[in-house]
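Asks: Generate coordinates for the sequence data below:
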Amino acid sequence: MPHVGGQKLKIINEYQILMEESDENHPINAIEMTRRLEKRGIPAERKGVYRDMETLIDAGVDVIKGTKGYYIGSRTFELAELKLLVDAVGASKFISQKKTRELVEKITSLAGVDDAEQLSRQVVVPDKPKAGNEKIFYSIDVIYQCIDNNKKMSFKYQEWTLSKEMQPRHGGKTYVVSPAFLLRNDENYYLVAFDEGSGEIRHYRVDKMTSTSEMEEDRGGLELIKELNPHEYAKQHISMFSGEERVITIRFAKHLIGVVLDKFGTEIDVRPDGESHVKARISVAVSPQLYGWLVGIGATVAFPEEEVINYRKYLEGIIKESQ
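Replies: Residues are numbered from 1 along each chain as shown. Purely as a prediction, here's the structure:
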């Protein structure tokens with residue numbers, strides 16, 4: 001590690017060594033600490049290490065002085081928590097394979113020696129399609145800056161072609177929006193924002209955004225933004241597809257109540273409909289994706305009549321296409 005004035009950085013390096021290389025089963029005594037510091041190009045002596053350990057303890061660092069040396073007693077994250085973080089990173093398809101491995105290494109470094117080895121053995125980084133946008137973290141940073149600074153943002157949006165390549169949507173049009181919040185849904189990251197062109201709340205996949213930039217103008221649509229609830233927004237937009245938001249009643253088999261509650265939350269109104277079925281009143285963005293989800297669980301639309309007809313037309317269209 002590069003350093004200027006080794007003694008000034010000595011205690012910082014000692015802290016790093018303890019965090020990365022010590023635990024209850026791997027204490028580091030003063031003599032060993034001087035050797036590890038010298039490998040980093042920092043001269044040290046045993047008495048100085050003792051003083052530094054006391055300084056770290058006085059500063060609130062949980063350094064334990066055992067019979068065989070010093071080690072970190074407790075850490076911010078437990079092994080099970082780190083495993084959850086690693087699994088979440090691995091399951092996020094918007095994070096590239098390269099970035100996934102980098103993040104997993106950083107998360108693993110937060111564990112003690114034994115826990116890090118156990119975590120490394122258990123970690124399985126799944127194969128992922130090559131991410132089309134490696135700058136997603138830069139875009140996320142720009143979004144948060146715009147929200148913090150109350151500024152609009154601009155970006156270009158991409159879409160897939162039949163040749164399996166990304167190309168700018170609408171000929172490279174520049175989108176101008178007022179960011180509201182970021183939302184993870186259906187294994188993707190979305191920006192929910194007030195669209196300046198349409199005057200509506202819309203959402204955009206962050207991994208499809210390029211050329212993101214903070215603008216000088218203050219955000220618009222703040223009244224609409226303040227009314228938004230991230231959890232409700234996610235529940236109402238099936239697979240994050242847009243549509244007219246309506247209150248509809250759906251009918252499904254009783255044993256599927258858990259599936260419906262998992263999707264729309266426990267606050268929805270449900271009631272029995274005969275011995276084997278249930279009706280639920282939900283507020284949702286009506287779209288073909290909603291209909292597809294209903295087909296998947298064998299549910300029907302019971303109200304209003306207009307949506308009953310629309311759903312029937314959707315099913316008839318699928319049957320017609322298959323003939």
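Asks: pull the CA atoms of stretch 226-245 into CSV?
Replies: Only the C-alpha atoms of stretch 226-245 are listed here, as CSV (Å, rounded to 0.1, in the frame of the first residue of the first chain):
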residue,chain,number,x,y,z
LYS,A,226,-44.8,13.3,-3.4
GLU,A,227,-48.0,11.2,-3.8
LEU,A,228,-46.0,8.2,-5.0
ASN,A,229,-45.5,5.2,-2.8
PRO,A,230,-42.7,2.9,-4.0
HIS,A,231,-44.3,-0.3,-2.6
GLU,A,232,-47.7,0.5,-4.1
TYR,A,233,-46.2,1.4,-7.4
ALA,A,234,-44.4,-1.9,-7.6
LYS,A,235,-47.5,-3.9,-6.8
GLN,A,236,-49.7,-2.0,-9.3
HIS,A,237,-47.3,-2.5,-12.3
ILE,A,238,-47.0,-6.2,-13.1
SER,A,239,-43.5,-6.8,-14.3
MET,A,240,-43.2,-3.0,-14.4
PHE,A,241,-45.3,-2.6,-17.5
SER,A,242,-47.4,0.5,-17.8
GLY,A,243,-51.1,0.8,-18.3
GLU,A,244,-54.2,2.6,-17.1
GLU,A,245,-54.4,2.2,-13.3
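Asks: what's in contact with it?
Replies: 180-181, 183, 185-186, 188, 190, 192, 201-203, 205, 263-265, 283-290, 293 (Cβ atoms under 8 Å, 6 or more residues apart in numbering). In short, each C-beta sits where N, CA and C put it, glycine included.
Asks: Show me which of these are buried.
Replies: Among the contacts of stretch 226-245, those scoring as buried are 180-181, 183, 185, 188, 190, 192, 201-203, 205, 264, 284-287, 289-290, 293 (criterion: 16 or more other Cβ atoms under 10 Å).
Asks: Tell me which of the contacts of stretch 226-245 fall in strands.
Replies: 180-181, 183, 185, 188, 190, 192, 201-203, 205, 283-286 (DSSP state E).
Asks: now, which of the residues you listed sits nearest T161?
Replies: R205 (15.9 Å; Cβ to Cβ).
Asks: so how far is G69 from D114?
Replies: 15 Å (Cβ to Cβ, to the nearest Å).
Asks: typo on my end, K263
Replies: Taking Cβ to Cβ, one finds K263 at 54 Å from G69.
Asks: And for E78?
Replies: Taking Cβ to Cβ as the measure, E78 falls 23 Å from G69.
Asks: higher neighbour count, these two?
Replies: G69 (18 against 12; other Cβ atoms under 10 Å).
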